[in-house]
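Enquirer: No sequence on hand, only this structure:
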C-alpha cells in the first residue's frame, strides 16, 4: 500500500512543477522531452543512445518553439479578424 502511494506521488511530482509555466515554456519543454525520448530510442538502435537523445532534444526544442510561434501568430490573426468584425471594419492582413 505504501509503495502505491509513493509511486503515485513520484508520478505526480513532475506535473505539479509545470503548473505555473507559460505556454511557450510548456511547448518548449514538451518538444524537448518528446525529441529526447525519440532520439534515445533511435540512438539505442544505432548504438549510441546518449548522442541520439541529445540530438533529439535539440530538434524537439526547435520544433516546440516553431510550433509555439505558429500558434501565437494564429491567435493574433484570429484576434485581429475578430476585432475588425466587431467594429465592422474590413480586415487588412499584415504585410
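Expert: Thanks, I have the structure now. Here the structure is a predicted model, which means the values were calculated and not measured.
Enquirer: So which bits of the lengthiest helix in the chain are buried?
Expert: The single longest helix within the chain, with elements called by DSSP state H, is helix 49-86. Buried residues in helix 49-86, counted by 16 or more other CB atoms under 10 Å: 49, 52-57, 59-61, 63-64, 68. To be clear about C-beta, it is placed using only N, CA and C from the backbone, and glycine gets the same treatment.
Enquirer: Can you lay out these as CSV showing pLDDT?
Expert: Formatted as CSV, those follow (pLDDT from 0 to 100):
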residue, pLDDT
49, 90
52, 93
53, 93
54, 93
55, 94
56, 94
57, 94
59, 96
60, 95
61, 95
63, 96
64, 95
68, 96
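Enquirer: and these as CSV, adding distance to residue 24?
Expert: Shown next, in CSV, are the buried residues of helix 49-86 (distance: CB to CB, whole Å):
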residue, distance to residue 24
49, 29
52, 26
53, 23
54, 22
55, 22
56, 20
57, 17
59, 18
60, 15
61, 12
63, 13
64, 9
68, 5
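Enquirer: Residue 39: which of these is nearest?
Expert: Closest to residue 39 out of the buried residues of helix 49-86 is residue 56 (1.8 Å), distances taken as CB to CB.
Enquirer: Any stretches of this protein with poor pLDDT?
Expert: Applying pLDDT under 70 to the chain picks out residues 11-17, 91, 93-94.
Enquirer: coming back round to it: what helices or strands is the longest helix of the chain leaning on?
Expert: Counting contacts by 3 or more CB pairs under 8 Å, 6 or more residues apart in numbering; DSSP states H and E, helix 49-86 is packed against helix 23-46.
Enquirer: Run the angle between the helix it packs on and helix 49-86 for me.
Expert: 150 degrees (axes from the mean of the first three to the mean of the last three CA atoms, to 10 degrees).
Enquirer: Now do the same contact list for the most centrally placed residue in the chain.
Expert: For the chain, the residue nearest the mean C-alpha position is residue 27 (1.9 Å; CA atoms, centre = their mean). By CB atoms under 8 Å, 6 or more residues apart in numbering, residue 27 lies in contact with 64-65, 67-68, 71.
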